[in-house]
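**Q** Quick one: sequence and predicted model below, then my questions.
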Amino acid sequence: MYSDNLIEKLTSLNAVDAAKFLIGCELISFTSEGGCSGMIVETEAYDMRDKASHSFKGMTVRNSAMFGPAGTAYVYFTYGMHFCMNIVVGKEGFGAAVLIRALEPLTGLELMSKRRNVSNKHNLASGPAKLTQALYITRPLNGHRLNGPPLILKRGTKFNDVDLVLTKRIGISEKKDFGLKRRVCLKGSEFLSRPL
DNA sequence: GTAGGGATAATCT
DNA sequence: GATTATCCCTACG
């Protein structure tokens, strides 16, 4: 299960450090269809001082989960057909979160294949909207605390800075992302949303 | 393997 | 009315 230790850790970190810390952690999904899980291999950091963040202009109906306690899920709908999932970090009320961009599938690959309608292991969860589809993360999970079913965050493999690569974020205009390197990838992973 | 464009609707201006 | 923290399919090297 998810120790208070993990919540404390996520509360104490800023968005970028949390994005690094979350690489190697595991997400585990339980539904009536069965269970599946994956290891986080790619993330992006967002917070209130960042023009590209949903929380930049303050709290709205859509982004309110981002201002909750660390360890909460912020799930939003975008592009008319996709869900994306963040893990809220930092102190309650601040509005910081880490977008989960890619997973390496660990268990329940058959279920993920069925939901995604693809068989290639490298195409199951290698993108922010792909992984929400594979783990069945949808609107009702917005605001869910990740310490119990149907979705749990757990510590996994621990990686050091030398194992990580920081790049500019995906899908953010150059103006908003000006010079920032807030996307974190596990070096050498075959399961990133795009190659390095 | 890389590039371009369509799908599709909540959210915000 | 415009924008969007995306994905998939097609076409072309």
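**A** Done, it's in.
**Q** Could you list everything the spatially closest residue to A:Ser37 that is not a sequence neighbour pairs with in the sheet?
**A** Among residues not flanking A:Ser37 along the chain, A:Ile28 sits closest, at 4.2 Å (CB to CB, 6 or more residues apart in numbering). For every residue, glycine as well, the C-beta is placed using N, CA and C. Judged by DSSP bridges, the bridge partners of A:Ile28 are A:Ser37, A:Ile152.
**Q** Could you check how many residues crowd around A:Ile28?
**A** For A:Ile28, the neighbour count with other CB atoms under 10 Å is 19.
**Q** is it true that it touches A:Lys154?
**A** Yes. The pair A:Ile28 / A:Lys154 is scored as a contact, 6.3 Å apart, by CB atoms under 8 Å.
**Q** which residues of chain A score low on pLDDT?
**A** Within chain A, the stretches with pLDDT under 70 are A:1-3.
**Q** A:Glu92 and DNA strand B, how far apart?
**A** Separation of A:Glu92 from DNA strand B (CB to the nearest atom of the strand, to the nearest Å): 20 Å.
**Q** which residues touch that residue?
**A** Shown in contact with A:Glu92 (CB atoms under 8 Å, 6 or more residues apart in numbering): A:67-70.
**Q** Which of the three states applies to the residue in chain A sticking out farthest from the centre?
**A** Distance from the centre of chain A peaks at A:Lys175, with 23.5 Å (CA atoms, centre = their mean). Reduced to three states with DSSP: H, G, I helix; E, B strand; the rest coil, the structure at A:Lys175 is coil.
**Q** Return the residues in contact with it.
**A** A:Lys175 makes contact with A:Lys51, according to CB under 8 Å, 6+ apart.
**Q** hmm, try it at 10 Å
**A** Contact partners of A:Lys175, counting by CB atoms under 10 Å, 6 or more residues apart in numbering, are A:51-52.
**Q** Verify the assumption that A:Glu8 is located in a helix.
**A** Yes. Assessed by three-state DSSP, A:Glu8 belongs to a helix.
**Q** Was I right to think it contacts A:Gly90?
**A** No. Using CB atoms under 10 Å, A:Glu8 is not in contact with A:Gly90; the gap is 12.0 Å.
**Q** which residues are in contact with both of those two?
**A** In contact with both A:Glu8 and A:Gly90: A:Ala70, using CB under 10 Å, 6+ apart.
**Q** Give me the neighbour count for the closest residue to DNA strand B within chain A.
**A** Relative to DNA strand B, the nearest point of chain A is A:Gly80 (2.5 Å; CB to the nearest atom of the strand). A:Gly80: 5 surrounding residues under other CB under 10 Å.
**Q** Can you name the residues of chain A sitting close to DNA strand C?
**A** Within reach of DNA strand C by CB under 7 Å from any atom of the strand, chain A has these residues: A:44, A:46, A:52-55, A:66, A:74, A:78-82, A:84, A:86, A:97, A:99, A:116, A:118, A:123, A:127-130, A:169-173, A:193.
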